[in-house]
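**Student:** fold the following.
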Amino acid sequence: MSKMSFRFYKDHEVRAIWDEEKSQWWFSIVDIVAAITESPNPRKYWSVLKTRLKKAGNELTTRCSQLKMTSADGKRYATDCFAQEDIINLVRVIPSPKTADFLDWFIYSDNTIDGQSKKKAL
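**Tutor:** Residues are numbered from 1 along each chain as shown. Predicted structure coming up:
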């Protein structure tokens, strides 16, 4: 893991880290929860949602990886992350009117990590 990237959905920072071994981006779940829900405590929101998903038998949480990401205080902490496919599945289970807009930004926008890569490749 070497490359860190910061993208902005509206005014919310979404951290990502590149996994050289798997050739894919991993995204901070807490950042995405914060952007979609505007919860005052996105870590707690994710913790409760993760527990509910496990109780319901949803296997999404089993694909969660903890990767070291830089936080607002400049230190690196283990952070729950998902690959792109899992972020899409996560967003679909979060009850928020922002989910469709977020998915449009995350999947199709030129401002996404993949969108920026595609623009550079052209």
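
**Student:** going forward, measure contacts between C-alpha atoms and count neighbours the same way
**Tutor:** Fine.

**Student:** end to end, how far does stretch 3-22 reach?
**Tutor:** Start and end residues of stretch 3-22 are separated by 13 Å (Cα to Cα, to the nearest Å).

**Student:** mean confidence for that stretch?
**Tutor:** What stretch 3-22 shows for mean pLDDT is 88.

**Student:** just the helices in the chain please.
**Tutor:** Secondary structure of the chain (DSSP state H): helices located at 29-37, 42-55, 84-93, 99-108, 113-121.

**Student:** closest one to E13 among those helices?
**Tutor:** Set against E13 and scored by Cα to Cα, the helices of the chain come closest in helix 29-37, at 6.6 Å.

**Student:** next, the angle helix 99-108 makes with that closest one.
**Tutor:** 130 degrees (axes from the mean of the first three to the mean of the last three Cα atoms, to 10 degrees).

**Student:** could we number from 59 for the rest of this?
**Tutor:** All set: I'll call the first residue 59, so the last point we hit is now helix 87-95.

**Student:** quick check: angle from helix 87-95 to helix 142-151?
**Tutor:** Using the same axes, to 10 degrees: helix 87-95 against helix 142-151 is 40 degrees.

**Student:** how about stretch 100-118: buried residues?
**Tutor:** 100-101, 104, 107-108, 111 (16 or more other Cα atoms under 10 Å).

**Student:** tabulate the helices of the chain (JSON lines), appending distance to I75 and mean pLDDT.
**Tutor:** Listed next are the helices of the chain as JSON lines, based on distance: least, Cα to Cα, whole Å; pLDDT from 0 to 100:
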{"stretch": "helix 87-95", "distance to I75": "12", "mean pLDDT": "95"}
{"stretch": "helix 100-113", "distance to I75": "19", "mean pLDDT": "95"}
{"stretch": "helix 142-151", "distance to I75": "11", "mean pLDDT": "92"}
{"stretch": "helix 157-166", "distance to I75": "15", "mean pLDDT": "90"}
{"stretch": "helix 171-179", "distance to I75": "10", "mean pLDDT": "49"}
